[in-house]
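Undergrad: Please find the sequence and the predicted model below.
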Amino acid sequence: MDTGSQDTAHAAVVDAGSAASARPADTPPRVDAPAWRAAGVGMAFGMAAVVWSLHARLPDWVAVGAVAGLLALGLLCMAGLRFVVDQDKARRTVFYTGEGQGSWFAVNVFGMFQIPWVFITGITETVPLVLSASGLGIVVAVANQTIVSRCMTRRPQPAPEIVPLG
């Protein structure tokens, strides 16, 4: 195979973009989520985790309003981004919705609502409460930023193919 045809073949693979069969098995799907969006999502969801961890010490309207506003800001930063879909994985399982989507959901549900409810609300002293809430917020922020930057793209993803279950 000459160099010209190799370049043409490589260009066809690059142009295929998100087609799973066009890329080698050892390369991850292409993602291009802007860094500012990943940072914005991480910051918003991390701060929501901190506020909800401190909700027992805040008036209800402040806690709920702040969490709702921060979640809206995080979702606004995610506008136009999609989880990368690998068609090979989508054909093999019924519940596949994209790379990282399950992890993103688990990080936010457990990090914002379950962990503060089970562990952090039992802390009665102010300094340990603030330190543990801040630590949880940092973990949630970093996890969100990592998932968004590694698993989301601005490119349109292929429509799921209907696979018979029988």
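TA: Great, that's in hand.
Undergrad: ranges for the helices of the chain?
TA: Secondary structure of the chain (DSSP state H): helices located at 3-16, 35-53, 60-77, 87-92, 101-109, 115-118, 126-151.
Undergrad: Tell me the buried residues in the fourth one?
TA: The reference is to helix 87-92. Neighbour-count burial for helix 87-92, counted by 16 or more other CB atoms under 10 Å, picks out Gln87, Ala90. Every C-beta, even on glycine, is put in place using the N, C-alpha and C of the backbone.
Undergrad: and what of the shortest one?
TA: Across helix 115-118, burial judged by 16+ other CB under 10 Å covers Ile115, Pro116.
Undergrad: Is it correct that Arg155 is in contact with Asp32?
TA: Yes: counting by CB atoms under 8 Å, Arg155 touches Asp32, with 7.0 Å between them.
Undergrad: which one is Gly111 nearest to, not counting chain neighbours?
TA: Val140 (3.9 Å; CB to CB, 6 or more residues apart in numbering).
Undergrad: actually Arg82, not the one I wrote
TA: Using CB to CB, 6+ apart, the nearest residue to Arg82 is Gln157, at 5.0 Å.
Undergrad: doesn't Phe83 make contact with that neighbour?
TA: Yes: using CB under 8 Å, Gln157 is in contact with Phe83, at 7.5 Å.
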